[in-house]
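Enquirer: Provided below for reference: sequence and predicted model.
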Amino acid sequence: MTAFSLRPTVAGDLGVIQRIYAHHVLTGLASFEETPPDIDELTRRWRSIAEMGLPYVVAEGPGGEIAGYAYASPYRPRSAYRFTVEDSIYLDPAFQGQGLGRALLARLIADATACGKRQMIAVIGDSANAASIGVHRALGFEMTGTFKGIGRKFGRWVDTVLMQRALGDGVASTPTN
């Protein structure tokens, strides 16, 4: 893998993030959005996650190019889920297959654990997405289920795969808040 550094996202990264995400929305099943959000909407989403103190990171190449990004967002809005996050990872197609997805996910796991989170959920679009399923499995996620035909995109019904990984002590300890 080329020498990439992982760092927190800054506002100046959002234009590239919007381009990467738009590609995935328009060509793939990792996202069930069908219309790419504009830069203002992605900025709102990034700020919301950053204000919660959750990780949002980019992979930056030696020339300053952004090759991908990842973030952990709340799994669900109800307070009982406050210790659980969902991961999202998107790579520029030119940088796929170089280990960046794994590096970004490992960073999210470490950062979310440091934030006091106890569980990470992966909601993977398309049960045929072997690459994403494999990366999650390699980093300790376990298969918890598949929602069959839950979404419709590109004229076909699409599954989502659910995977889960404990963070830190998982459920072995009781948090104080």
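Expert: Cool, got the structure.

Enquirer: now residue 108: which helix or strand?
Expert: Using DSSP states H and E, residue 108 maps to helix 100-114.

Enquirer: and that helix, how far out from the chain's middle?
Expert: Put simply, helix 100-114 sits 9 Å off its chain's centre (CA atoms, centre = their mean, to the nearest Å).

Enquirer: can you give me the helices in this structure?
Expert: Secondary structure of the chain by DSSP state H: the helices cover 14-27, 39-51, 100-114, 130-138.

Enquirer: which one of those helices is the most hemmed in?
Expert: Most buried of those by mean neighbour count (mean count of other CB atoms under 10 Å) is helix 100-114; its value is a mean of 20. Where C-beta positions appear, they are placed from N, C-alpha and C, glycine not excepted.

Enquirer: now it and helix 130-138, what's the angle there?
Expert: 40 degrees (axes from the mean of the first three to the mean of the last three CA atoms, to 10 degrees).

Enquirer: ok, and what's touching helix 100-114?
Expert: Helix 100-114 has contacts (CB atoms under 8 Å, 6 or more residues apart in numbering) with 1, 4, 6, 54-55, 57, 59, 67-72, 85, 87, 89, 91, 120, 131-132, 135-136, 138-140, 165, 167-168.

Enquirer: that older thread, between the helices of the chain, which one is nearest to residue 80?
Expert: Among the helices of the chain, the nearest to residue 80 by CB to CB is helix 100-114 (17.5 Å).

Enquirer: what about the contacts of helix 100-114, which are in strands?
Expert: Within the contacts of helix 100-114, residues falling in strands by DSSP state E are 6, 57, 59, 67-72, 85, 87, 89, 91, 120, 165.

Enquirer: can you name the two of those residues that sit furthest apart?
Expert: Farthest pair in the ones in strands among the contacts of helix 100-114 (CB to CB) is 67 and 165. Separation: 23.7 Å.

Enquirer: remind me which residues of the protein are low pLDDT?
Expert: 1-2, 173-177 (pLDDT under 70).
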